[in-house]
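> Show me how the following folds:
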Amino acid sequence: MNRWKTVLIALAVAVPSGVMPAASARTVSFSTSPSTSAPTPAPIENEETQPVYSRADALTETVFVEVAGVDSDRDGSPDRVAVDIMRPRETASGLKVPVIMESSPYYAGTNTVVNHTVDLDASDPSGMDYRRNKLDGMSEAIFGSEERPPASRAVAPPFRGYYDNYFVPRGYAVVLVENLGSGRATGCPTSGLENETAGPKAVIDWLNGRARAFDASGGQVRADWSTGNVGMIGVSYNGTLANAVAATGVRGLKTIVPIAAISSWYDYYRANGGVVAPGGYQGEDTDILARYVLTRKDGEQACGALVNAIERDQDRVTGDYSSFWARRDYLNRVRGVRASVFAVTGLNDWNVKTKQTVQWWNALADQGVQRKIWLHQGPHFSPFSFAARNAEWLRQLHHWFDFYLYGLRNGILDEPRADVESGPEQWAQYATWPLPGTRDVRLNLGAGTRDRNGT
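You can find the predicted model right below:
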């Protein structure tokens, strides 16, 4: 469990123990439970949720949410996603809480997959066996893009991250959703298609009483502890799922925090008709990614034909934009976004390139979506990797969720919209982004000479 050391150290500073609200603290209660017990209200002090609930005593459960109308593995039954939940114990006595949700295909580990050969010179064996060997989501947020543990099918216990450590004591439930085709879920991974989006969307529907969920014995389970207010968050693929679900306009999703997230899969694997590799993973493509996360039982038997179709249709010859990519382009559906967006991207991210967030940000602006942005000088990771700015990130994230999920008037929308790192640890805040005075610059190529480089 050494990979979580960074997070646990940060939490030792960020999460005070035994803090109780002052006598002047007010309370907010979402009491619509049929329980006969009086609900325990969520304490609020200075328009901020307080860490008064015990994480050690929190309730945990696993349910399987039915994805109505989706049968991607064609077994004759609706697909289901596995959902791990942690919520304050007081929710058993009538307390209703909002949800911070992260959907991921990585919770059950990953497969080692051989990438496509990209070196066509048979005399060079180095190009014949590239292997995709990265972990995404939370582990990559901690390790960064330059130090990755090997791909593994080992399953890490749920709730070993910072969301549950910080937010459950403050009156939130944390919900982790295994994506279709991974772990205990059914269905098939498709690297960005509608069925993947439908999985976490169905969980939001369930949290609002519009979908069905079952326990391991088949008994139906209701989320009577949920206020129905949901915020999605995640790094990379996990953040991409947040973008995709927001584009559906699902009721109950109040905000998303996509970190280093994809807005168009074409721009992840292609560029203006060229076939490109994300972050230097030569030979990786949508079919490789689907096989990488296909960790459900009997996955190859259930989903092999579908993944083979992805390999066929992705077109590694021309690299052209086609209907294959249009279905994986969330910019085409940005008009559906109703949730607010707190976007984060690295200016030196060559995995999910900065362009992904910038074009999403601009499209959201055209739709009048309430938004906020962090642009840092790092590569492919979460702001929690910044030791010197960790506390400020956590403060803004906390207030963002408090505002949108609890309705607290904490002034977060009155703060500058953009935090930008212009150099190492050189941060400044701006009222908007792009910054005033920004303009397009035309670049021209100039030939070099014998003693001087080109320009």
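> CA atoms for contacts and neighbours, from now on please.
Fine.
> What mean pLDDT does stretch 353-365 get?
The pLDDT scores in stretch 353-365 average 97.
> Then stretch 210-226?
Average pLDDT, stretch 210-226: 97.
> what's in contact with it?
With contact meaning C-alpha atoms under 8 Å, 6 or more residues apart in numbering, stretch 210-226 is reached by 33, 62-68, 91-92, 94-99, 202-203, 205-209.
> Buried members of these into ChimeraX, please.
Remark: buried members of these, expressed as a ChimeraX selection using 16 or more other C-alpha atoms under 10 Å:
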select :33,62,63,64,65,66,67,91,92,94,95,96,97,98,99,202,203,205,206,207,208
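> Take the contacts of stretch 210-226 and keep only those in strands.
In strands, judged by DSSP state E, the following of those are found: 62-67, 97-99.
> out of these, what pair is the most spread apart?
The distance between the two most remote of the ones in strands among the contacts of stretch 210-226 (C-alpha to C-alpha) is 23.3 Å, for Val67 and Val97.
> and which of the ones in strands among the contacts of stretch 210-226 is nearest Gly231?
Val99 (6.3 Å).
> Quick check: buried residues in stretch 244-256?
Buried residues in stretch 244-256 (16+ other C-alpha under 10 Å): 244-256.
> whoops, stretch 426-446 was the one
Those would be Trp433, for stretch 426-446 by 16+ other C-alpha under 10 Å.
> Mind checking the pLDDT average for that stretch?
pLDDT averaged over stretch 426-446 gives 93.
> That stretch: how far from the chain's middle?
27 Å (C-alpha atoms, centre = their mean, to the nearest Å).
> can I have that stretch written out in CSV, keeping just the CAs?
Provided in CSV are the C-alpha atoms of stretch 426-446 (Å, rounded to 0.1, in the frame of the first residue of the first chain):
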residue,chain,number,x,y,z
GLN,A,426,4.6,30.8,-9.5
TRP,A,427,0.9,30.9,-9.0
ALA,A,428,-1.5,33.8,-9.6
GLN,A,429,-5.3,34.1,-9.7
TYR,A,430,-7.3,35.8,-12.5
ALA,A,431,-10.8,36.9,-12.9
THR,A,432,-11.1,35.0,-16.1
TRP,A,433,-9.2,32.8,-18.6
PRO,A,434,-7.9,33.2,-21.2
LEU,A,435,-6.3,36.2,-19.6
PRO,A,436,-7.2,39.7,-20.9
GLY,A,437,-4.9,40.7,-23.7
THR,A,438,-4.5,37.2,-25.0
ARG,A,439,-4.3,37.0,-28.8
ASP,A,440,-3.6,34.5,-31.5
VAL,A,441,0.0,34.4,-32.7
ARG,A,442,1.0,33.1,-36.2
LEU,A,443,4.1,31.0,-36.2
ASN,A,444,6.3,30.8,-39.4
LEU,A,445,9.0,28.3,-40.1
GLY,A,446,12.3,29.7,-41.2
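> how about the ones in strands among the contacts of stretch 210-226 in JSON lines, adding pLDDT and distance to Asn348?
Shown next, in JSON lines, are the ones in strands among the contacts of stretch 210-226 (pLDDT from 0 to 100; distance: C-alpha to C-alpha, whole Å):
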{"residue": "Thr62", "pLDDT": "96", "distance to Asn348": "38"}
{"residue": "Val63", "pLDDT": "97", "distance to Asn348": "39"}
{"residue": "Phe64", "pLDDT": "98", "distance to Asn348": "38"}
{"residue": "Val65", "pLDDT": "98", "distance to Asn348": "38"}
{"residue": "Glu66", "pLDDT": "98", "distance to Asn348": "39"}
{"residue": "Val67", "pLDDT": "98", "distance to Asn348": "37"}
{"residue": "Val97", "pLDDT": "97", "distance to Asn348": "37"}
{"residue": "Pro98", "pLDDT": "97", "distance to Asn348": "34"}
{"residue": "Val99", "pLDDT": "98", "distance to Asn348": "32"}
